[in-house]
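*Asks:* Here's a sequence, model it:
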Amino acid sequence: GLSVYRLKDSLTSINVGIMSEFSKAVGGLISLVMYTLIIDRFGAFTWDLSNPMTWISALLLYDFCYYWLHRLGHERTILWAAHVAHHQSEDYNLTTALRQTSTGFLLGWIFYIPMYALGIPAEVVVTVGAINLIYQFVLHTRAVGKLGAPIEGVMNTPSHHRVHHGVNPKYQDRNYAGVFIVFDKWFGTFEVEDEAEPVVYG
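*Replies:* Take a look at the predicted model:
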């Protein structure tokens, strides 16, 4: 029953997303080169790909690194310039998730150096990165309400991410999490969606 899609805005989001995908080819090459250089010189451990803890640890560490990339993407002008396109839509729907930067590859890889330095295999980094990205895609919806304390206490949810996209003063610069909202709670950037103050997007 919600009217959350406008054709022009959705097409803009999709077109920006297409441009972003082209730039990611260059970004992937930069990341691969840097990963190879760092892991060859500083890789600290050998990780067992058959051990579930390798994957769980990598997912947690990736999300931690993402939190800081995303947070500083709002707090530092040079990084905000690469992220602002994602926040320009006045709508909030799945196409908004596609509205991504074409310049994030220039500096984004720097935030994942801890993963490289620990020697986490490239296939693990790529896989958990894809999981993180897909998870965030589904957060961009107004169709899902609050999910309750157990889930919202640990996981990022559509409600938490709506707050992140709000221009309301109480919502600005909050809820940077990718998958786990606990990082926002630990570092003082968490805000609950207040039904008395609907989120304004843009």
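*Asks:* For this structure, give me the ranges with low pLDDT.
*Replies:* Across the chain, the ranges flagged by pLDDT under 70 are 1-7, 9-10, 12-29, 31, 40-45, 102.
*Asks:* just the strands in it please.
*Replies:* If DSSP state E is used as the criterion, the chain turns out to lack strands entirely.
*Asks:* Let me see the ranges of the helices in it.
*Replies:* The residue ranges that make up the helices of the chain, judged by DSSP state H, are 7-42, 52-75, 77-83, 94-98, 105-108, 113-117, 122-139, 149-152, 158-164, 182-186.
*Asks:* could those go into a markdown table alongside distance to residue 172 and mean neighbour count?
*Replies:* Backbone N, C-alpha and C define where each C-beta goes, glycine included. Listed next are these as a markdown table, based on distance: least, CB to CB, whole Å; neighbours: other CB atoms under 10 Å:
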| stretch | distance to residue 172 | mean neighbour count |
| --- | --- | --- |
| helix 7-42 | 21 | 14 |
| helix 52-75 | 8 | 18 |
| helix 77-83 | 12 | 15 |
| helix 94-98 | 17 | 21 |
| helix 105-108 | 22 | 18 |
| helix 113-117 | 28 | 18 |
| helix 122-139 | 18 | 16 |
| helix 149-152 | 20 | 11 |
| helix 158-164 | 9 | 22 |
| helix 182-186 | 14 | 18 |
